[in-house]
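Trainee: Next comes the sequence, and after it the predicted model I'd like to discuss.
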Amino acid sequence: MKYRQILYSNYHSTQSGRASLTDAVDLFNREVRQFENEIVPVLKNLPTTARIFDLGCGSGSLLMALKKLGYTNCLGMDLSEEQVNMAHDFGLDNVTLGDALAFLKTNNQPFDAIIGMDILEHFTKDELVELLPLIHQSLQEGGIAVFRTPNLDAPMATVFANGDFTHENYLNASSAQQVALACGFTTVQVLPSTMKVYPFWKDWIRKALYKYLVFTLKLKLFATARSTRNIVFSPNMILVLNR
């Protein structure tokens with residue numbers, strides 16, 4: 001797709017960095033902290049020697065969070081030359097430029113974990129049902145895949161979902177489970193993403209407002225005779241897929 005050549009070549013300048021309202025170093029450090037709280041705990045049962053592949057790794061902030069905890073066998077890949085160069089500038093020499101889909105088609109060394117942050121939404125539906133089986137077969141028996149993706153059940157979901165021109169598909173908890181199970185994964189766990197604002201007193205206010213918001217959303221579901229089971233309301237959701 002031609003738009004990918006145009007938009008991914010300078011993705012940080014035109015999207016992730018522009019939208020963050022901060023400089024590249026501060027954004028990188030902020031993402032590292034986020035992943036330390038949000039994603040690393042999901043991987044806590046993996047030994048530090050586990051073979052981990054981060055597809056669409058961007059500037060490598062999740063890889064840095066893993067590196068800080070002693071993980072020594074990680075590989076990252078991204079289509080954006082700009083972001084790969086940034087990862088190298090941040091001291092991550094385990095990040096390469098490339099197409100993760102093409103890489104997985106030829107990979108013959110299974111991984112213990114495959115992770116992808118804010119990546120699933122960049123694939124068309126046809127590409128996604130091609131990618132997920134490739135990820136499944138690229139995992140060790142008992143391996144896991146962990147993804148973060150926008151959640152279409154969140155209030156004002158379009159802020160995330162339509163905030164990036166390169167997004168191709170949108171999921172909620174139910175459709176994420178549907179496609180992952182159909183593509184061969186045995187179990188699919190859907191978790192809310194971590195939400196936090198600074199300073200701490202603003203986060204207290206945010207938490208109180210969020211509880212009230214979720215309460216009203218559940219009332220709306222009840223009023224329309226729908227179940228609140230299996231619904232996540234956070235802006236992003238974390239998917240944990242077991243092989």
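Mentor: Alright, I've got the coordinates.
Trainee: C-alpha from now on. contacts and neighbour counts both.
Mentor: Fine.
Trainee: Mean pLDDT per element in the chain, and the minimum belongs to which helix or strand?
Mentor: Between all helices and strands in the chain, the lowest mean by mean pLDDT, DSSP states H and E belongs to helix 17-20, at a mean of 57.
Trainee: Now do the same for the very next helix or strand once past that helix: mean pLDDT, whole number.
Mentor: Using DSSP states H and E, the helix or strand that follows helix 17-20 in sequence is helix 24-38. Throughout helix 24-38, pLDDT has a mean value of 91.
Trainee: Past helix 24-38, which element shows up next along the chain?
Mentor: Assigned by DSSP H and E, the successor of helix 24-38 is strand 52-55.
Trainee: partner residues bridging Asp78?
Mentor: Leu97 (DSSP bridges).
Trainee: per-residue confidence for it?
Mentor: 93.
Trainee: can you pull the contacts of it?
Mentor: Contact analysis of Asp78 by C-alpha atoms under 8 Å, 6 or more residues apart in numbering lists Leu55, Gly56, Cys57, Gly58, Val84, Val95, Thr96, Leu97, Gly98, Asp99, Ala100.
Trainee: so where do the strands sit in this protein?
Mentor: Remark: strands assigned in the chain by DSSP state E are 52-55, 74-78, 95-97, 111-117, 139-150, 187-192, 236-242.
Trainee: Reformat the ones you listed as TSV; add distance to Val40.
Mentor: Below are these laid out as TSV (distance: least, C-alpha to C-alpha, whole Å):
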stretch	distance to Val40
strand 52-55	12
strand 74-78	13
strand 95-97	19
strand 111-117	11
strand 139-150	10
strand 187-192	13
strand 236-242	12
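Trainee: Most tightly packed of those?
Mentor: Most buried of the strands of the chain, by mean neighbour count (mean count of other C-alpha atoms under 10 Å): strand 52-55, with a mean of 25.
Trainee: Export only the CA atoms of that one, formatted as CSV.
Mentor: C-alpha atoms of strand 52-55 as CSV (Å, rounded to 0.1, in the frame of the first residue of the first chain):
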residue,chain,number,x,y,z
ILE,A,52,11.2,-12.3,22.6
PHE,A,53,10.2,-10.6,19.3
ASP,A,54,8.7,-7.1,19.4
LEU,A,55,7.0,-6.5,16.0
